[in-house]
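Participant: sharing a model that was predicted from the sequence below.
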Amino acid sequence: MVLGGHPFKMHAAEIPLISINENEDKESQKSSSQKIFRIWALQAWRVTVSSGALAGVLILLVNVITLAVMYGRFQVADHAITFFAGSCRTASSVTVVSHLIINILSTILLAASNFSMQCLSSPTREEVDAAHSKKRWLNIGTPTLRNLYFVSKKKALLWMILGVSSFPLHMFWNSTVFQTRMTNNYLAITVTEDFLHGGKWELPSVASDLDYNEVTIKGAERVPRYHSIVQGLQQKATGIGPNNSSSGLEYLTVEQCLKAYGQDQVSNRQHVLLVVDNNATVSTTAYSSLLAIYYNTYTVAANTHSLFLWMCPKLTTKELINGGEWTCPSELLKSSTNNWIPGSTGANGAILGSQYDAPVRYCYSQPVPEKCKANLVPAFLIVVIICNVIKLVCFMCALYMTKQCQPLCTTGDAIQSYYKLREWVPRLTTVGDLWEGGRWRWGKAVRWWQWLFYLISVVVVIFITGFYYDPLGMAQGSADLEPAILGLGKPHQSFTVTHSGVSNILMGFLTANTPQVIVSYIYLGLNNILTTILAMVEWCSYTAGNKAQAKGLRVSSPAPDTEQRSTYTLSVPWKWAVPMCICIAVLHWAVSETLFFARIDVYDVNSRELDPDASVTDIFYSLLPKYITVALGSAIVIILVGLGLFARYPDTIPLAGCCSASIAAACQPSRPRQHGIPGKFPEDLAFKRLQWGVVEASDDDIGSGIGHATFGTDVSPLVEGKLYA
């Protein structure tokens, strides 16, 4: 059962009487509304199914309108529609919020589906009798597969359709929205202050040769025309001082410069001038106001970790392996920023010229507009809409089927059924069972192999999630790489799964979101265990040993003017169901941000045009949501195990609340004096406040020495060491 809550206590005495006055229309309307409310309240769990159907309609409208707007306003390119382009922060926020909304809506549909599935798998009294005749028992009030062999084929088929349409729902839905990040290849150019005043400069000899010959380095990467870039930067910088700004360039302190370029994706800036003192000692044969050019290109090739390696001091191979390039910006910020001397050779770039041990005093950066994107895959949204329609039809069919043949959805339904219809002839008055007492833990309600299989599965998933996806250097203790800085669901070049890109885009999406199916299984297993435990809690709440007072049965269709209670739930109260659904929705969302499909567009160092050969389409993972996933998943397991181990049932009632045969045995009327004559309950007993306990003590006038325990209005607790039938 998915949704739950405290029983809706609408007793007949609390329902206003319908007064009919033919002369007053207002009274007639009031009477009609009261009648409608009365019918609604007395079939409350059907209201929950109807609410699920209504939610399905609203969600379907949202999906259809979204698809129509996307097709109407935007173009499809490479199986995707770009519906936002601009700020990277905004694009990331749009994607994260979209995934949050998607997982909330999909969890609502999943919960509604599970609720309807439990209603469909709930047997009727006739189906229970048929199973008992074959010496088989059925589950009452809990989701189960075993009941499907005994319920009608139509209900079983509908159950299977709902189940099949639930598992891929989160996977396809989370695949519909993804983001495209961007980064700029750039030049970091060390110049003296004379450069800012039109001073003479020359390209380093290596750079000059590469510039004019346009030779290639590192395979297919073309070396940019450095001369034109440097010339353009000097024209913009000429005449400005350290504390001034000009059109096209922005003054940055050393600290600001380190923060701006100390990241693997530079989306809002391109080239930067690193200004050193005029009196810096240089050993050039001909004085030049340009000392060095640091050129790096973005790549996700294996063993290439950052675009900002140039700004680090020269690193050893050991430092690189241990993630030193990730930590060098923060280390530089911690130390004196007056002594920043870049010069580490990057595996994905080149250093042309020399810094000559001249520290950087300030920078001039070239701001550029961002071109990040939020995208939608219409093919996956169409699949979601189809699943949405299937579920909506199934909800309506479930309402119709359960109305035609009343299922035993709650423990109260089963108890009431056994009061009204004879189950079997009571045992001999000389046969009884010894009550040994003892308080069972909540975990006893669930079979040991179910606990074992579920816990092993979840723990293995948590372990793999926590330790498999680990960036280079994190395992070696590079604590300065803070997960919060890396953000939620942001693709970074060192956090790829394949390191070579994904060629089939659609398969990439599905592969990245396959873990959503695992989370759906975690939810269904959690719901099954919790429903079984809480159904047993409700059963045990009727014990005469319970301090609470006797109470009416919680049934699907309460009789008017009785103590019977209506219910919007099956077994799980709202105080359990709502937190569970919230946790699962957050878990689905965290997983969608932990492992995700995305694209990184790389813009050329010269023209700022998109370089399709350098751009990357891959499956990425993110650290912060990974930690959220592991923490939340672990918390769910710990709480569930804690409930199973430490919470206990009362000690004066057998654990029979989910087994149809056990419920039937516990609901036998008082035994007649002559064997073979069925006992009878009072006709109105099912409509009163009840408790389960001893109705015939072992020392009564029957003289058998064997007591009898069942439901009644005046009962006493079982006594340890006594025999009862």
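Facilitator: Nice, I can see it. Numbering: from 1, shown residues only.

Participant: identify the residues contacting the spatially most central residue of the chain.
Facilitator: Per CA atoms, centre = their mean, the C-alpha nearest to the average position across the chain is that of residue 588, at 1.3 Å. Going by CB atoms under 8 Å, 6 or more residues apart in numbering, residue 588 touches 103, 106, 107, 170, 174, 516, 519, 520. Bear in mind the C-beta positions are built from the backbone N, C-alpha and C, glycine included.

Participant: which residues of the stretch 101-250 of the chain fall in helices?
Facilitator: 125-133, 153-174, 205-213, 226-237 (DSSP state H, counting those that start in this stretch).

Participant: out of those, nearest to residue 681?
Facilitator: helix 125-133 (15.5 Å; CB to CB).

Participant: what would the contacts of residue 588 look like in TSV with distance to residue 193?
Facilitator: As requested, those are exported to TSV (distance: CB to CB, whole Å):
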residue	distance to residue 193
103	54
106	59
107	60
170	58
174	53
516	56
519	58
520	62
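
Participant: as TSV, the residues you listed with neighbour count, distance to residue 60 and pLDDT would be great.
Facilitator: Listed next are these as TSV, based on neighbours: other CB atoms under 10 Å; distance: CB to CB, whole Å; pLDDT from 0 to 100:
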residue	neighbour count	distance to residue 60	pLDDT
103	26	17	94
106	26	13	93
107	25	16	93
170	30	17	89
174	28	18	91
516	26	20	91
519	24	23	91
520	21	20	89
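
Participant: secondary structure element for the residue nearest to the centre of the chain?
Facilitator: Using DSSP states H and E, residue 588 sits in helix 574-594.

Participant: one step back: point out the most buried one among the helices of the stretch 101-250 of the chain.
Facilitator: Among these, the stretch with the highest mean neighbour count (mean count of other CB atoms under 10 Å) is helix 153-174, at a mean of 20.

Participant: just list whatever residues bridge to residue 179.
Facilitator: Taking DSSP bridges, one finds residue 374 as the beta-bridge partners of residue 179.

Participant: how much space separates it from residue 718?
Facilitator: In this view, residue 179 and residue 718 are 63 Å apart by CB to CB, to the nearest Å.

Participant: next: residue 524.
Facilitator: 36 Å.

Participant: ok, so of the contacts of residue 588, who is nearest residue 376?
Facilitator: Nearest member of the contacts of residue 588 to residue 376, counting by CB to CB, is residue 174, at 12.0 Å.

Participant: so who does the closest one touch?
Facilitator: 99, 102, 103, 106, 513, 516, 588, 592.

Participant: and these, which is closest to residue 59?
Facilitator: residue 106 (8.6 Å).

Participant: so that closest one sits against residue 168, correct?
Facilitator: No - if you go by CB atoms under 8 Å, residue 106 and residue 168 don't touch, sitting 10.5 Å apart.

Participant: give the helix, strand or coil label for residue 502.
Facilitator: coil (DSSP: H, G, I helix; E, B strand; the rest coil).

Participant: hmm, back to that, pick out whichever of residue 179 and residue 718 has more residues nearby.
Facilitator: residue 179 (26 against 23; other CB atoms under 10 Å).

Participant: measure the more buried one to residue 496 for me?
Facilitator: Distance from residue 179 to residue 496, counting by CB to CB: 15 Å.

Participant: likewise residue 62?
Facilitator: Taking CB to CB, one finds residue 62 at 33 Å from residue 496.

Participant: what about these two, which has more around it?
Facilitator: Under the neighbour definition other CB under 10 Å, residue 62 and residue 496 were set side by side, and residue 496 has more, 21 against 13.

Participant: host element of the residue nearest to that one when sequence neighbours are not counted?
Facilitator: Take residue 496 and drop its neighbours on the chain: the residue closest to it by CB to CB, 6 or more residues apart in numbering is residue 618, 4.7 Å away. For residue 618, the host element (DSSP H and E) is strand 616-621.

Participant: quick one: that strand to chain centroid distance?
Facilitator: 20 Å (CA atoms, centre = their mean, to the nearest Å).

Participant: and stretch 177-190, by the same measure?
Facilitator: 30 Å.

Participant: how long is that stretch end to end?
Facilitator: Terminal residues of stretch 177-190 lie 42 Å apart, using CA to CA, to the nearest Å.

Participant: give me the mean pLDDT for it.
Facilitator: Averaged over stretch 177-190, pLDDT sits at 91.

Participant: what are the buried residues along it?
Facilitator: Within stretch 177-190, the residues that count as buried by 16 or more other CB atoms under 10 Å are 177-190.

Participant: mind listing the strands for the stretch 501-650 of the chain?
Facilitator: Ranges of strands in the stretch 501-650 of the chain, per DSSP state E, counting those that start in this stretch, are 595-603, 616-621.

Participant: quick revisit: between the contacts of residue 588, which sits nearest residue 328?
Facilitator: So of those, ranked by how close each gets to residue 328 (CB to CB), first place is residue 174, at 35.6 Å.

Participant: what number of residues lie near the nearest residue to residue 433 once chain neighbours are set aside?
Facilitator: Spatial nearest neighbour of residue 433, chain neighbours left out: residue 724 (6.2 Å); criterion: CB to CB, 6+ apart. Around residue 724 there are 20 other residues, counting by other CB under 10 Å.

Participant: quick one: residue 724 from residue 539, how far?
Facilitator: Look at residue 724 and residue 539: by CB to CB, they are 17 Å apart.

Participant: check residue 461 too.
Facilitator: 32 Å.

Participant: these two: which has the busier surroundings?
Facilitator: Between residue 461 and residue 539, counted using other CB under 10 Å, the more crowded position is residue 539 (29 against 18).

Participant: for that one, give me its contacts.
Facilitator: 411, 653, 655, 656, 657, 658, 663.

Participant: try residue 723
Facilitator: By CB under 8 Å, 6+ apart, the residues touching residue 723 are 432, 433, 434, 435, 698, 705, 706, 707.

Participant: quick check: which of those has the minimum pLDDT.
Facilitator: Sorting the contacts of residue 723 by pLDDT puts residue 698 at the bottom of the list (64).

Participant: give me the contact list for the strand or helix carrying residue 271.
Facilitator: Here residue 271, judged by DSSP H and E, is contained in strand 269-276. Identification of contacts with strand 269-276 by CB under 8 Å, 6+ apart yields 184, 186-193, 195-196, 229, 233, 237, 242, 249, 252, 257, 260-261, 291, 342, 358-368, 605, 608.

Participant: against residue 591, how distant is residue 628?
Facilitator: 9 Å.

Participant: those two: which has the busier surroundings?
Facilitator: Using other CB under 10 Å as the criterion, residue 628 and residue 591 rank with residue 591 on top: 27 against 20.

Participant: how many residues are close by residue 518?
Facilitator: Using other CB under 10 Å: residue 518 sits among 18 other residues.

Participant: change the start of the numbering to 13 and stick with it
Facilitator: Sure, I'll start numbering at 13, so the last one becomes residue 530.

Participant: ok, it - contacts?
Facilitator: By CB under 8 Å, 6+ apart, the neighbours of residue 530 are residue 473.

Participant: so for it, what's the pLDDT?
Facilitator: The model's pLDDT for residue 530 equals 90.
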